[in-house]
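>>> sequence plus the predicted model coming up.
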Amino acid sequence: MEAEAVGTFDVKLAPIGSGESPISSMSIDKTFHGDLQGSSVGQMLAFRTDVEGSAGYVAMERVVGTLGGREGSFTLQHSGLMDRGAPSLTVVVVPNSAKDGLEGLTGTMNVIVTSGRHDYQFRYTLPD
């Protein structure tokens, strides 16, 4: 049965390394509040074009926490684009990445950013 978790998250991004590469690398540290309680760590690769508002990023993020009354971990895969300010983002649970009480988890997460606040809407399924 499909369920929905909603809430907010705090995120800290920090550059990894330096150099002349046009592709930046960043660490991700998040704390989730709401129906998903927990934290995550991850890494992001990003590229910003010369055209204002156009960029792309990919990321992998390992989440540890409680969801639907169950404790465990899972991995999210991000793929995001901005085309002259028009965003598109896909965040999905990596198949078979969930462990412990969340084993079998599947789902997609919608991220909503408004005025510096980060909200999530996570549609997911867990086996009985």
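That came through fine. Numbers count the residues shown, from 1 in each chain.
>>> please count neighbours and contacts with C-alpha atoms only from this point.
OK.
>>> how many other residues sit next to Ala14?
Ala14 is flanked by 12 other residues according to other C-alpha atoms under 10 Å.
>>> list of residues touching the host helix or strand of it?
Using DSSP states H and E, the element containing Ala14 is strand 2-15. Residues from elsewhere that reach strand 2-15, judged by C-alpha atoms under 8 Å, 6 or more residues apart in numbering: 24-36, 67, 117-126.
>>> what does stretch 45-57 give?
Contacts of stretch 45-57 (C-alpha under 8 Å, 6+ apart): 22-26, 44, 58-59, 78-86.
>>> got a ChimeraX select line for the buried ones in the contacts of strand 2-15?
Of those, the buried ones go into a single ChimeraX selection, burial set by 16 or more other C-alpha atoms under 10 Å:
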select :24,25,26,27,28,29,30,31,32,33,35,36,67,119,120,121,122,123,124,125,126
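>>> hey, where'd the strands end up in this structure?
Applying DSSP state E to the chain gives strands spanning 2-15, 24-34, 36-48, 55-67, 70-83, 86-93, 99-100, 106-114, 117-125.
>>> just those strands: most buried one?
Highest mean neighbour count among the strands of the chain (mean count of other C-alpha atoms under 10 Å): strand 55-67, with a mean of 20.
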